[in-house]
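Visitor: All I have is the shape, not the residue letters:
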């Protein structure tokens, strides 16, 4: 056996953040409406929450209603107020739209590179974005990233210099 056999295992993985984890823990009682939380492994925005009274076993429960930030699906969770829940780390970035090709956006990153792995948003936003892009408007696209997923959530016309 050659001693170079280890070489194939030295694969470099690109990380999406500076060593920060995808989520951080927060006590359930500290969560707030319009904040974010992970429910069933999905990053969500809390739209409603209520706390039930302490039962005979001594735990107040927090009922969370939240919307998945990528799919828009409604998820609910019930958890003791003293338990920790995961809160997703969410990044928001604006990119200049260079092109729309085959259902994907071609975006210019801050360092002048291109990013071509973000899908055109579905529905009205995507249709309007395509329309305004076809009209020759300079558009800035807001992309949110959380837990290894990304989505374009909005766009606006770039300010004229």
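Guide: Great, that's in hand. Everything numeric here is computed off the predicted structure, so don't read it as measured data.

Visitor: can you give me the strands for this structure?
Guide: Assigned by DSSP state E, the chain shows strands spanning 23-27, 36-39, 42-51, 61-68, 74-80, 84-88, 90-101, 104-108, 114-119, 139-146, 149-157.

Visitor: what would these look like in JSON lines with mean neighbour count?
Guide: Just so you know, the C-beta spots here come from the backbone N, C-alpha and C atoms, and that holds for glycine as well. Below are those laid out as JSON lines (neighbours: other C-beta atoms under 10 Å):
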{"stretch": "strand 23-27", "mean neighbour count": "14"}
{"stretch": "strand 36-39", "mean neighbour count": "21"}
{"stretch": "strand 42-51", "mean neighbour count": "17"}
{"stretch": "strand 61-68", "mean neighbour count": "18"}
{"stretch": "strand 74-80", "mean neighbour count": "15"}
{"stretch": "strand 84-88", "mean neighbour count": "18"}
{"stretch": "strand 90-101", "mean neighbour count": "15"}
{"stretch": "strand 104-108", "mean neighbour count": "19"}
{"stretch": "strand 114-119", "mean neighbour count": "13"}
{"stretch": "strand 139-146", "mean neighbour count": "19"}
{"stretch": "strand 149-157", "mean neighbour count": "16"}
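
Visitor: Need the ones you listed in TSV (columns: mean pLDDT).
Guide: Converted to TSV, the strands of the chain look like this (pLDDT from 0 to 100):
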stretch	mean pLDDT
strand 23-27	95
strand 36-39	97
strand 42-51	96
strand 61-68	95
strand 74-80	95
strand 84-88	96
strand 90-101	95
strand 104-108	96
strand 114-119	94
strand 139-146	96
strand 149-157	94
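
Visitor: Quick one: closest of those strands to residue 129.
Guide: Comparing those by their distance to residue 129 (C-beta to C-beta), the top pick is strand 149-157, with 5.3 Å.

Visitor: Can I get the strands of the chain in CSV including distance to residue 127?
Guide: Below are the strands of the chain laid out as CSV (distance: least, C-beta to C-beta, whole Å):
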stretch, distance to residue 127
strand 23-27, 33
strand 36-39, 28
strand 42-51, 24
strand 61-68, 22
strand 74-80, 24
strand 84-88, 28
strand 90-101, 11
strand 104-108, 14
strand 114-119, 14
strand 139-146, 13
strand 149-157, 12
